[in-house]
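S.K.: Here is a sequence together with a model predicted from it:
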Amino acid sequence: MATLEDIGVSAAINILSAFAFLLAFALLRIQPINDRVYFPKWYISGGRSTPRRSGNFVGKFVNLNFRTYLTFLNWMPQALGMSESEIISHAGLDSAAFLRIYTLGLKIFVPITVVALLILIPVNVSSGTLFFLKRELVVSDIDKLSISNVPPKSIRFFVHIALEYLFTIWTCFLLYKEYGNMASMRLHFLASQRRRVEQFTVVVRNIPHISGHSVSDTVDSFFQTNHPEHYIGHQAVYNANRFAKFAKRRDRFQNWLDYYQLKFERHPDKRPTVKRGFLGLWGGKVDAIEYYKHSIKELDKMMTLERQKIIKDPKAILPVAFLSFNSRWGASVCAQTQQSKNPTLWLTDWAPEPRDIYWQNLAIPFVSLSIRKLIISLSVFALVFFYMIPIAFVQSLANLEGLERVAPFLRPVIELKFIKSFLQGFLPGLALKIFLYILPTVLMIMSKIEGYIALSILERKTAAKYYYFMLVNVFLGSIVTGTAFEQLHAFLHQSPTQIPRTIGVSIPMKATFFMTYIMVDGWAGIAGEILRLKALVIYHLKNMFIVKTERDRGKAMDPGSVDFPETLPSLQLYFLLGTVYAVVTPILLPFILVFFAFAYLVYRHQIINVYNQQYESAAAFWPHVHSRIIASLLISQFLLLGLLSTKKAAKSTPLLVILPILTFAFHKYCQRRFEPAFRKYPLEEAMAKDLLEKSTEPDLNIRAYLADAYLHPIFRSFEVEEELVEVRVDKHQTNVAISPSSEPSSPSPPHHVHQPSPPQYSDYPTSPPGYYYQYQPPSPPHYVYHNYQHQVEP
C-alpha cells in the first residue's frame with residue numbers, strides 16, 4: 001500500500017516531468033525550424049505561409065531574437081485570450097464543446113473539493129477505526145483520511161450521506177444547465193452556418209435490386225414517386241478499389257516528378273537519372289523527368305479506361321446513394337422518416353459532410369451490419385476480460401505489502417527504500433498507461449468492421465467501447481484485483497461472515513493507486529501532449545529523408561486533431577473517480593482539479609494553434625458525455641450504499657436508497673428534454689432557413705451547388721476529358737451544353753437528376769470551413785455571422 005512518502009515520490013517525478021516537458025515546449029515552439037510542428041493550424045488556414053525568422057542563414061533554423069526567450073511562457077495567456085465564440089469561428093463547435101467538458105469538471109469539483117476537505121476530512125480522521133484494524137488489514141496514512149476510518153454503526157455516516165445528496169444535486173444542476181446550453185448552441189450553430197451540401201443531402205442504404213432496372217433507375221423511380229416536389233437527383237456510389245490503387249501510384253509518381261524537376265532547375269547542367277529496376281536499386285539508367293512523365297501518361301490512360309469501365313459496368317454501382325433535395329425541409333422529412341413498409345429497405349439518414357464519410361463501409365448490407373455488430377460485441381467482451389490479466393499484474397505492483405504476505409521471497413528486493421517508493425508511487429500508473437496505449441487503435445478497427453459510414457460515428461462508437469473498457473478494467477478491475485491481493489491474508493484467517501466487512505473497508509484503499517494514475521496520465525501525460533515530441537521527430541525525419549517539394553512539406557506537417565476516441569473516455573474516467581471518491585476519500589479531489597485546469601489550458605492552446613479537425617459534428621457527442629457523468633453518479637451511489645451496508649449503518653443507509661432512483665429519473669427527463677436537438681433537425685428550423693435563403697438568394701441554382709458534392713474523392717484526380725462529359729448527362733436530358741464559365745472538374749460517374757439543368761460543379765472544400773457564429777444563450781438564434789482572424793505570436 002502506497003504511503004504518503006510514496007505519493008510524494010510520484011508527485012515529484014510527475015511534476016518534474018511535466019515542468020521539463022513544458023520548458024522544452026516553450027523553447028522549441030519559438031524556433032523557426034519547428035514552426036510547422038507547433039503552429040500548423042495557421043498554415044492550413046492561411047494565417048501563415050512561412051516561419052518567422054531572422055534574415056541570415058542561421059536565423060532560418062534558430063530564433064536569434066533573445067527577447068522572445070524572456071517571454072517564452074506567453075503561450076499561456078495567449079491560449080486563454082480567445083473567447084468561446086471566436087474558438088467556434090476558428091475551430092468549430094466540436095472543439096468548443098470539448099473544452100466545455102473541462103470547464104464543467106472545474107465547475108463541479110471546485111466547490112465539492114472545498115466542502116469535502118473542510119467537512120469530511122475532520123470527520124474521517126477523528127474516528128480512528130483503522131488503528132484497531134492494523135493487524136488485520138494493510139493500511140496506510142492516506143486510508144485514515146477516508147471513510148474506512150469511521151467505525152461501524154457510527155452516526156457520522158449521516159454526514160457522508162448528506163454530502164452525497166448535496167454533491168449529486170449540485171452535479172445534476174450543472175449538468176442540466178450545460179445540456180440546455182449545448183442544445184441551444186448546437187441549434188444556433190446549425191442555423192448560423194452558411195449553406196452546406198450536407199443540409200440538402202440524405203444517404204440511402206440497402207437499395208433493393210429490381211430485375212431489369214439499374215440502381216440509378218430504381219432510386220429515381222422510388223424518390224420521384226414518394227418525394228416528387230423536393231427530390232432533384234442522386235449521386236451513385238461505385239466500387240472503385242482498383243482505380244484507387246492507380247490513383248495512389250500516380251500521386252507517388254507525381255511527387256517524384258516534382259522532385260526531379262526542382263533538382264534539374266537547381267542544377268541545369270546535369271539531367272537527373274533513375275534506375276528502372278525494383279525501388280530504383282538496379283536496372284538501366286534513364287532520364288528521370290522523362291521516365292516519370294511517361295509513367296504518369298501511361299497511368300492516366302489506364303485510369304481513364306478503368307474509370308469508363310466503372311461508370312459503364314452496372315455491377316460496379318453499389319446499393320447506396322446520396323440523395324439531393326431542393327430544400328432543407330425536404331431533406332429533413334426524408335432523412336427522419338421510414339421510407340418503406342419493409343423497415344430493412346431504403347434506409348435513409350442524414351448524409352455526413354463529405355470530409356466525414358468513411359467510404360469503405362457504404363456497401364455493407366443491412367443483414368451483414370447486424371451480424372458484424374454481434375461479432376464485435378462478443379469480441380469487445382472478450383477483450384475486456386483478456387486485459388484483466390495485465391491489469392491484475394499492474395495492481396500487484398501497487399500493493400507490495402499484500403504481495404509480500406503471499407510471496408515472502410521477494411521481500412529483500414522490495415524492501416529497498418527507493419525501489420519500493422518507485423514501484424508503488426510511479427510505476428503502476430505508468431505501466432497501466434502503456435497497456436492502454438494500443439487499445440484505441442484496436443477498438444477503432446472493431447468499430448470500422450461494424451460498418452458505420454461516418455468518421456464521427458466511428459470515433460463515438462470507439463469512445464464508447466473504450467469507456468466500457470476503462471470502467472471495467474481500470475476502475476472496477478483495479479478495485480477488485482487490488483482487494484484480492486491486499487486482503488488475501490485476511491480472507492484466509494477470518495470467518496466467512498467477516499469477508500463482506502473486509503471488502504467494504506478495502507474499497508477506498510485504492511485511492512492511492514488512482515492518485516498515481518492521475519499524476520502520470522493527467523499531469524505528465526498532458527504536458528507530453530503539448531510537447532508533441534512524436535510529431536516533432538517524425539516531421540524532421542520526413543523533412544530530411546522524404547520531403548522533396550513544398551507539397552510534401554505540407555503533408556509532413558500532420559497537425560492531428562482532438563483524439564475523441566481516447567480523450568473522451570479518459571475524461572469520463574476522471575469524472576467517475578471524482579464522484580466516487582468525493583465522499584469516500586476526498587483527498588483525491590485536488591489531484592483531479594489540477595488535471596482539469598491543466599488539461600483545459602493545454603487543449604485550448606492545441607485547438608487554437610495545432611489541431612485541424614477532420615469533420616464537424618456540431619457537438620453530437622454531448623449526449624454521451626452527459627449520460628456517462630450520470631452513470632458515474634449512479635456508480636458512486638451504489639458503491640457508497642454497498643460500503644455503508646458493510647459498516648452496519650442500518651439507520652443511515654436506507655436514506656441513500658432513493659437517491660439512485662431520483663438521479664435516473666433526472667437523466668430520463670434530460671433525455672426527453674434535450675437529446676432530440678442532437679438526434680433530429682427540427683422542421684421548423686429547416687423551413688425558416690429555407691425561407692430566409694429564398695428571400696436573400698432567389699436565383700440560387702441548388703442543383704449546380706450540389707452536383708458532385710458527394711463524388712468519391714478518387715474521382716477528383718483529373719481534368720475534364722471530352723469523351724467522358726457525355727456520361728454526366730442524365731438519360732432524360734437532351735441537347736445540354738456545357739457552360740463555358742464552368743470550372744474544370746474531373747470526369748465522374750453521373751449525378752442523376754430528373755429535370756434538365758446546366759451541369760455546373762463547385763468543389764467541396766477540403767480545408768476546414770470557416771464557422772460563423774454568435775452565441776447568446778438562451779435567446780432564439782440570430783442570423784449574424786462573424787469571421788474571426790487571430791494570429792498567435794510565437
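M.R.: Yep, it's here.
S.K.: list the contacts for Gly560?
M.R.: Ala535, Val610, Tyr611, Asn612 (CB atoms under 8 Å, 6 or more residues apart in numbering). In short, each C-beta sits where N, CA and C put it, glycine included.
S.K.: Number of residues surrounding the second one?
M.R.: By the criterion of other CB atoms under 10 Å, Val610 has 22 neighbours.
S.K.: got it, and Leu643?
M.R.: There are 23 residues near Leu643, going by other CB under 10 Å.
S.K.: Kindly report the same for the one 5 residues further on.
M.R.: The local packing count at Lys648 equals 15, with neighbours defined by other CB under 10 Å.
S.K.: Can you lay out the contacts of Gly560 as JSON lines showing distance to Pro354 and pLDDT?
M.R.: Below are those laid out as JSON lines (distance: CB to CB, whole Å; pLDDT from 0 to 100):
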{"residue": "Ala535", "distance to Pro354": "26", "pLDDT": "86"}
{"residue": "Val610", "distance to Pro354": "24", "pLDDT": "91"}
{"residue": "Tyr611", "distance to Pro354": "20", "pLDDT": "91"}
{"residue": "Asn612", "distance to Pro354": "16", "pLDDT": "90"}
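S.K.: From those residues, pick the one nearest Pro365.
M.R.: Taking CB to CB as the measure, Pro365 lies nearest Asn612 of these, at 34.3 Å.
S.K.: For that closest one, which non-adjacent residue is closest in space?
M.R.: Of all residues not flanking Asn612 in the chain, Pro559 sits nearest, at 4.3 Å (CB to CB, 6 or more residues apart in numbering).
S.K.: pLDDT score assigned to that neighbour?
M.R.: Looking at Pro559, its pLDDT is 85.
S.K.: gap between it and Ser85?
M.R.: 22 Å (CB to CB, to the nearest Å).
S.K.: More neighbours: the two, which one.
M.R.: Between Pro559 and Ser85, Pro559 has the larger neighbour count (other CB under 10 Å), namely 21 against 17.
S.K.: so is the more buried one in a helix, a strand, or just coil?
M.R.: Using DSSP: H, G, I helix; E, B strand; the rest coil, the three-state assignment for Pro559 comes out as coil.
S.K.: which ones are touching Trp350?
M.R.: Glu198, Thr201, Val202, Val203, Ala331, Ala335, Tyr681.
S.K.: Please read the previous query as pertaining to Phe575.
M.R.: Per CB under 8 Å, 6+ apart, neighbours of Phe575: Gly105, Ile108, Arg628, Ile629, Ser632.
S.K.: now do Leu120
M.R.: Contacts of Leu120 (CB under 8 Å, 6+ apart): Ile147, Val159, His160, Leu163, Val583, Pro586.
S.K.: before we move on, what SS does the closest residue to Arg195 other than its chain neighbours have?
M.R.: Nearest-residue entry for Arg195: Glu693, 6.8 Å, with adjacent residues in sequence omitted and distances by CB to CB, 6+ apart. Under three-state DSSP, the three-state class of Glu693 is helix.
S.K.: burial of Glu693, as a residue count?
M.R.: 16.
S.K.: pretty sure it is touching Arg194, no?
M.R.: No - using CB atoms under 8 Å, Glu693 is not in contact with Arg194, being 10.3 Å away.
S.K.: And Ala363, how far from Asp220?
M.R.: 20 Å.
S.K.: The two: who's more crowded?
M.R.: Set side by side, Ala363 and Asp220 show more neighbours around Asp220, with 22 against 17, by other CB under 10 Å.
S.K.: In this structure the more buried one contacts His234, no?
M.R.: Yes - if you go by CB under 8 Å, Asp220 and His234 touch, sitting 7.1 Å apart.
S.K.: Now Thr218. Nearest residue, chain neighbours left out?
M.R.: Per CB to CB, 6+ apart, closest to Thr218 is Ile210, 5.2 Å.
S.K.: so what's the backbone phi/psi at the one you found?
M.R.: phi -120, psi 120 (degrees, to the nearest 10).
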